[in-house]
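> make a model of this:
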Amino acid sequence: QVQLVESGGGLVQAGGSLRLSCTLSGSTFSRYNMGWFRQAPGKEREFVAAITRTGESTYYASTVKGRCTISRDDAKNTVYLQMNSLKPEDTAVYYCAASPTYYSVRTNDYRHWGQGTQVTVSS
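Numbering: from 1, shown residues only. Take a look at the predicted model:
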């Protein structure tokens, strides 16, 4: 059974940085395209970033492009999201997701999800 566990969230001031981590267990990490999504209170879950199973390609939402970097370490079964220049509007629960098939911005294309980690950015 595939499990995803996120970590690295917390409270940070505007302009600060955080690095989120997500570790996959129960399957071969290199089989999966990985994505990060976020959900703010009262809003739908939205795409943040994605990386292919090989790590050769990445894609970002326009709202985070230039401020966030997604990367993966297959030796550690872990995907990262480095977030810089954080803004209060980045406050949300951040989820990682895994898909053996799709490299996608759509939540429905991801088969496995973590429980999420809270990121709060104070002004």
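> quick check: beta-bridge partners of His112?
Under the criterion DSSP bridges, His112 forms beta bridges with Ala98.
> tell me the contacts of it?
2-4, 24, 32, 97-99 (Cβ atoms under 8 Å, 6 or more residues apart in numbering). C-betas here are computed from N, CA, C, even on glycine.
> with adjacent residues omitted, what lies nearest to the residue most central in space within the chain?
Taking Cα atoms, centre = their mean, the centroid of the chain lies closest to Trp36, which sits 2.4 Å from it. Closest residue to Trp36 apart from its sequence neighbours, by Cβ to Cβ, 6 or more residues apart in numbering: Val48 at 4.3 Å.
> that neighbour: how many residues sit nearby?
26 (other Cβ atoms under 10 Å).
> contacts for the helix or strand harbouring it?
Using DSSP states H and E, Val48 falls within strand 46-51. Residues from elsewhere that reach strand 46-51, judged by Cβ under 8 Å, 6+ apart: 33-39, 57-61, 64, 68, 70-72, 79, 81, 94, 103-107.
> can you rerun that using 6 Å?
34-38, 58-61, 64, 68, 70, 72, 103, 105 (Cβ atoms under 6 Å, 6 or more residues apart in numbering).
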